[in-house]
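1. Sequence and predicted structure below; questions after.
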Amino acid sequence: MCGVCGVYVLNSFDLPNIARALDGLGFNGQRIVEKNASAAGVLSFLLRELNNRGHDSTGIVTFDGIEYHSHREMGFAENVFSQENLETLVGHIGIGNDRYATTGLPRRENIQPFFLKIE
């Protein structure tokens with residue numbers, strides 16, 4: 001079983017609401033929005049809600065239009081994502097995954113989402 005979610009923050013009108021929702025989770029939401037990491041903030045919220053779908057590992061990959069940014073670790077989303085690592089996940093588009101291993105062992109190399117940079 002897994003929980004998968006995707007986010008595309010289309011316009012800046014939603015940013016104050018995103019910041020307030022992140023404040024409610026104990027983050028400094030305004031700072032995350034100012035760091036251009038709004039998609040990661042929304043994904044961290046959604047992955048917390050999907051924790052019943054997977055508790056072996058969790059991860060987020062965002063895209064800022066030029067580069068991909070990733071943070072993936074073993075454990076629950078609420079324990080994995082911090083203010084500091086959310087601020088590094090820059091971009092308005094991203095995908096997140098909570099994983100419970102039904103195939104493949106719960107190991108670091110199996111943490112999703114996977115991404116490949118092809119040149």
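-> On my side now, so go ahead. These figures come from a predicted structure and were not determined experimentally. Numbering: from 1, shown residues only.

2. can we go C-alpha only for contacts and neighbour counts from here?
-> Noted.

3. starting at the chain centroid, how far to the top helix by length along the chain?
-> Among the segments of the chain that qualify as a helix by DSSP state H, the longest is helix 38-49. Its chain's average C-alpha position is 5 Å from that of helix 38-49, according to CA atoms, centre = their mean, to the nearest Å.

4. next one: stretch 34-50
-> 5 Å.

5. just stretch 67-80 next, same as before
-> 6 Å.

6. Report the buried residues of it.
-> Neighbour-count burial for stretch 67-80 flags 68-77, 80 (criterion: 16 or more other CA atoms under 10 Å).

7. if we take those residues, which one ends up nearest to Gly59?
-> Checking those against Gly59 with CA to CA, the nearest one is Arg72 at 3.9 Å.

8. Helix, strand, or coil at that closest one?
-> Look at Arg72: counting by DSSP: H, G, I helix; E, B strand; the rest coil, its state is strand.

9. Pretty sure it sits against Ile111.
-> Yes. Taking CA atoms under 8 Å as the definition, Arg72 is a contact partner of Ile111 at 6.4 Å.

10. Check which helices and strands the longest helix of the chain is in contact with.
-> In terms of contacts (3 or more CA pairs under 8 Å, 6 or more residues apart in numbering; DSSP states H and E), helix 38-49 is packed against strand 2-8, helix 15-24, helix 29-34, strand 57-63, helix 77-80, strand 93-99.
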